[in-house]
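Engineer: Dropping the sequence and predicted coords here.
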Amino acid sequence: MSEQIYVGVDLGGTAIKVGICDAEGRLLQTFEGPTEVAKGPDTVIDNIENYIRRIVEESPYDWSQVAGIGAGVAGFTNVKEGVILLAPNVGFKDVPIRAILEERLGKPVKIDNDANVAALGEAWSGAGKGIDNCVCYTLGTGVGGGIIINGKIVQGFSGMAGELGHIAVIPDLEAIQCGCGKMGCLETVSSATGIIRMAKDAVERGDRTSLSLLEDIAAKDVFDAAKAGDEVAVRIISRAAFYLGKSMAAVAVTLNPERFIIGGGLSKAGEFLFEQIRETFKKLTPEPVTRGVSIVPAQLGNDAGMIGAAGLFLRS
């Protein structure tokens, strides 16, 4: 075989997922192993190396066919220098991961944060396939984002571009402090954490809602209650959807993407959520800017990180 392959690493706090992709973004083989954060950064790096070697050895491909290795991590990264500045979930601080892995593996390595590589994965072979300009939101514990313009990840001068969860869209009188330290961020209302907070606040106020019957409220509980007609839950989800649509309106007049892609756990709420986002987007965005623009769910699920990391060599 002479076909080149690309290895993508999704470095998480619990597990390290490794995938082999071809030049078209097709995921050919995967492997998953424990991160073992408690054993320290050296063990985590050992595991990354071992899992990469293992997946190639167990594949029909030869090590000489590996054209590059990409890695995505939840945290702050210096992409140009290949350094993970701070990734609390994996216990990394100022770790020159690119240099370490290149020395150990003898292959070129690229890194980026998890939201960017997930966005790249969707743009390469998921919901954004064939579209050069798209913006991806990841709705989970927080709100992550990635911007793809002309088929490439937008990094910004210090790699901080695409922090969509920290767009300040909440009016001052409604705003609360975000985990980033600022007020009014999208993440405070449109993440799972934000939705749960609003639900708990409603219960504590004594609002009449079926959510008050639950001992521990999850975001899915709020969506289920809203779909069942619970007025308090409907109000919470509508608020989350409104500010997502409002943020997209701001992004649209700035970047003019052809497609917005929404992934993460909350995206599984389906059309109940998407219809409200689209309605707000159209209401708040000048009509010429909305023409031809679509808002769709992500397609790759948990594979987006591996595929996007592998794609760092071809699409970044």
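Structural biologist: All right, it came through fine. Numbering: from 1, shown residues only.

Engineer: only C-alpha atoms for contact and neighbour calcs from this point on.
Structural biologist: Fine.

Engineer: Spell out for me which residue occupies the centre of the chain.
Structural biologist: Ala115 (3.4 Å; C-alpha atoms, centre = their mean).

Engineer: so which strand or helix has that residue?
Structural biologist: According to DSSP states H and E, Ala115 maps onto helix 114-125.

Engineer: what's the answer for Ile277, then?
Structural biologist: Here Ile277 is assigned to helix 271-284, by DSSP H and E.

Engineer: Can I get that helix in CSV, CA atoms only?
Structural biologist: C-alpha atoms of helix 271-284 as CSV (Å, rounded to 0.1, in the frame of the first residue of the first chain):
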residue,chain,number,x,y,z
GLU,A,271,-36.2,20.6,15.7
PHE,A,272,-37.8,21.7,19.0
LEU,A,273,-34.6,23.7,19.6
PHE,A,274,-33.5,24.4,16.0
GLU,A,275,-36.8,25.9,14.9
GLN,A,276,-36.6,28.6,17.6
ILE,A,277,-32.9,29.3,16.8
ARG,A,278,-33.7,29.8,13.1
GLU,A,279,-36.7,32.0,13.9
THR,A,280,-34.6,34.3,16.0
PHE,A,281,-31.7,34.3,13.5
LYS,A,282,-34.0,35.4,10.7
LYS,A,283,-35.7,38.1,12.9
LEU,A,284,-32.4,39.7,14.0
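
Engineer: rewinding a little: how close does the residue nearest to the centre of the chain sit to Ile217?
Structural biologist: According to C-alpha to C-alpha, to the nearest Å, Ala115 and Ile217 sit 26 Å apart.

Engineer: Now do stretch 236-249: everything it contacts.
Structural biologist: Stretch 236-249 is contacted from outside by 164, 167, 169-170, 186, 189-191, 195, 198-199, 222-223, 226, 260, 273-274, 276-282, 284-285, using C-alpha atoms under 8 Å, 6 or more residues apart in numbering.

Engineer: residue contacts, the residue nearest to the centre of the chain?
Structural biologist: Ala74, Thr138, Gly144, Gly145, Gly146, Gly305.

Engineer: Spatially nearest residue to Ile84 (excluding sequence neighbours)?
Structural biologist: Closest residue to Ile84 apart from its sequence neighbours, by C-alpha to C-alpha, 6 or more residues apart in numbering: Thr77 at 4.5 Å.

Engineer: is it true that that neighbour lies in a helix?
Structural biologist: No - per DSSP: H, G, I helix; E, B strand; the rest coil, Thr77 lies outside any helix segment and is strand.

Engineer: and it, how many residues sit next to it?
Structural biologist: Taking other C-alpha atoms under 10 Å as the criterion, the count of residues near Thr77 is 26.

Engineer: Was I right to think Arg259 contacts Gly130?
Structural biologist: No - Arg259 is beyond contact range of Gly130, at 10.9 Å (criterion: C-alpha atoms under 8 Å).

Engineer: And the two? Which one has more around it.
Structural biologist: Neighbour count, other C-alpha under 10 Å: between Arg259 and Gly130, Arg259 has more, with 21 against 11.

Engineer: separation between the residue nearest to the centre of the chain and Lys17?
Structural biologist: Ala115 is 15 Å from Lys17, by C-alpha to C-alpha.

Engineer: pLDDT weak spots in this protein?
Structural biologist: The model of the chain has pLDDT under 70 over residues 1-2, 316.

Engineer: 50 instead?
Structural biologist: 1 (pLDDT under 50).
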